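Colleague: Pasting the sequence and the predicted model now:
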Amino acid sequence: MFKLKTFLIKERVGFLKIVDTFDIYDPATGAQVGIARENISIVVKVLRFLINKRLLPTTVEVREREGGRVLLTISRGVTLLRSHVKVTDSVGKQIGLFKSKLFSIGGGFHVLDNLEQPVAEIKGDWKGWHFRFLTPEGTEIGKVTKKWAGLGKELFTSADNYVIALNETAAIRPDAAPLLLAAGLAIDTVFKEK
């Protein structure tokens, strides 16, 4: 799955859904290449009826197929002012950390490696629909773009669709594809959920 340079993420729509599920597709072929699902405790599920879910902890597990082994995990603790999102690989080794920016018009993250050294930045535009994945030097190595899902879905649900794309020409790190996929999921769980 992480050999792909482009992903289409579709959040599943549900009435009074407590747990978010995202289908991951290869936009070139339309084939489903993965699934991401929240894995949260019963206590957090109950608290979601009372408290904004962006403030509560969450864990999103990415798998190639339903019931398959976990390839990537995105975990966020309780959030007050800034979110800290930890990204781990299939064996539980941390490959990155996203720290949301305290003041940002469109949203964004500082991307840190497993030693918590800055490796990139995610910058959102003023409306929070387009996010750029930038190296510390300012070179764009990828982007996350929210796609219009239609009037009914946009007005009546919080389910969003995203296209995540790595630049073909950029010299990228081997963990860039998993980090950018995690960034797309983190953007939704940190900035877009209600």
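Modeller: On my side now, so go ahead. Numbering: from 1, shown residues only.
Colleague: is it true that Val19 touches Glu38?
Modeller: Yes - using C-beta atoms under 8 Å, Val19 is in contact with Glu38, at 4.6 Å. Any C-beta I mention is one placed from the backbone N, CA and C, and that applies to glycine too.
Colleague: could you pull out the strands for the chain?
Modeller: Assigned by DSSP state E, the chain shows strands spanning 6-11, 21-25, 32-38, 58-63, 70-76, 84-89, 94-100, 108-112, 118-124, 130-134, 140-147, 161-166.
Colleague: Output those in TSV, with mean pLDDT, mean neighbour count and distance to Ala177 appended to each entry.
Modeller: Shown next, in TSV, are the strands of the chain (pLDDT from 0 to 100; neighbours: other C-beta atoms under 10 Å; distance: least, C-beta to C-beta, whole Å):
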stretch	mean pLDDT	mean neighbour count	distance to Ala177
strand 6-11	88	20	8
strand 21-25	91	20	12
strand 32-38	93	19	12
strand 58-63	93	21	11
strand 70-76	93	20	10
strand 84-89	91	21	12
strand 94-100	88	20	11
strand 108-112	84	22	13
strand 118-124	85	20	13
strand 130-134	87	21	11
strand 140-147	84	19	9
strand 161-166	86	20	6
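Colleague: any chance of those strands in TSV, plus distance to Asn52?
Modeller: Putting those into TSV (distance: least, C-beta to C-beta, whole Å) gives the following:
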stretch	distance to Asn52
strand 6-11	17
strand 21-25	20
strand 32-38	15
strand 58-63	12
strand 70-76	13
strand 84-89	17
strand 94-100	15
strand 108-112	19
strand 118-124	19
strand 130-134	21
strand 140-147	20
strand 161-166	21
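Colleague: looking at those, which is closest to Leu47?
Modeller: With respect to Leu47, and counting by C-beta to C-beta, the nearest of the strands of the chain is strand 58-63 at 11.2 Å.
Colleague: the inter-axis angle of the closest one versus strand 84-89?
Modeller: 20 degrees (axes from the mean of the first three to the mean of the last three C-alpha atoms, to 10 degrees).
Colleague: From the contact counts, what lies against strand 58-63?
Modeller: strand 32-38, strand 70-76, helix 176-187 (3 or more C-beta pairs under 8 Å, 6 or more residues apart in numbering; DSSP states H and E).
Colleague: Tell me how many other residues crowd Leu50.
Modeller: 7 (other C-beta atoms under 10 Å).
Colleague: Tell me, what's the model's pLDDT at it?
Modeller: Per-residue pLDDT puts Leu50 at 88.
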